[in-house]
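In: based on what follows, work out the 3D shape:
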Amino acid sequence: MKLLLVEDEDRVAEIVRRGLVEEGHQVDVCANGRAALDQGRDIDYDVIVLDWMLPGIDGLELLRQWRGGGLRTPVLMLTARGQIGERVSGLKSGADDYLVKPFDFAELVARIEALHRRGSGQIELRRAGDVHIDGRRRVLVRDASDGTTAEAPLTAREYALCQELFSHVGDVLSRSHLLAAVWGTNYEGDPNVLDVYVGYLRAKLARIGSTQVTLRNLRGVGFRLEVGGA
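Out: Sure thing, here's the model as predicted:
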């Protein structure tokens, strides 16, 4: 999963981040509400883990703004607040689940996975021209006019890149945006990895025989997924 952890206590954030990475997840960390506000909107996360007490904008207000702006990503609130009334306030503001500090890490992982399973059943179909992404099976599918289909399986990185591109058909996405969305805001590896994965996706689009979808490189700017050559 691609996760956003919003936590201002450095020690707690690092322990949780490291544990989730060891579980095989990609984790971005924000230490304040103002930075998290835009990051949560701009990047397609599977689950957001949100601390209640934050500098700048507190977790409750941050959650209200996300939900008010249409963000549907599942949110698990982490907080030292244990009063029933406060938990109700968090849930009414749009939290999907609630975990009181101190918590058991295994329970945190189980709750995140449960939210992801619940949210996966609500994922909208991502489509561009004659191609769509089957998120449950993680495959790229071409729908032919005669009713037949052709499929190509996607790796986790290919799937994340597809999700981002198919969510912004016709828009130019910068290299930095795509690297942050797919490899995380803390990625410090070779930026040319993006070109490699774009090549993989182009090959898979060709393999399934799409005649309507083109992944175009705008030199020095970024990439754009186009339909019908528009």
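In: state the pLDDT value of Leu50.
Out: For Leu50, the pLDDT comes out at 93.
In: and it, what does it touch?
Out: Residues near Leu50 by Cβ atoms under 8 Å, 6 or more residues apart in numbering: Val6, Ala36, Gly59, Leu62, Leu63, Val75, Leu76, Met77, Leu78, Ala95. No exception for glycine: its C-beta is placed from N, CA and C like everyone else's.
In: for Arg224, same thing?
Out: Gly170, Asp171, Val172, Leu173, Leu215, Arg216, Leu218.
In: what comes into contact with stretch 26-38?
Out: So stretch 26-38 is contacted by 1-8, 10, 13, 17, 20-21, 39, 43, 45, 50, 54-59, 61-62, 65-66, 183-186 (Cβ under 8 Å, 6+ apart).
In: before we move on, the earlier item: which of the contacts of Arg224 tops the neighbour count?
Out: In terms of neighbours by other Cβ atoms under 10 Å, these top out with Leu173 at 19 neighbours.
In: so what pairs up with that one in the strands?
Out: Note on Leu173: beta-bridge partners by DSSP bridges are Phe223.
In: that one against Glu164, yeah?
Out: Yes. Counting by Cβ atoms under 8 Å, Leu173 touches Glu164, with 6.9 Å between them.
In: for the residue of the chain most remote from its centre, report the pLDDT, please.
Out: The centre of the chain is farthest from one residue, Asp146, which by Cα atoms, centre = their mean lies 33.9 Å away. As predicted, Asp146 sits at a pLDDT of 73.
In: just the strands in the protein please.
Out: 2-6, 26-30, 47-51, 75-79, 97-100, 126-128, 131-134, 139-143, 149-153, 172-174, 213-218, 222-227 (DSSP state E).
In: please identify the most buried of those.
Out: Highest mean neighbour count among these (mean count of other Cβ atoms under 10 Å): strand 47-51, with a mean of 26.
In: partners of it in the sheet?
Out: Partners of strand 47-51 in its sheet, by DSSP bridges: strand 2-6 (parallel), strand 75-79 (parallel).
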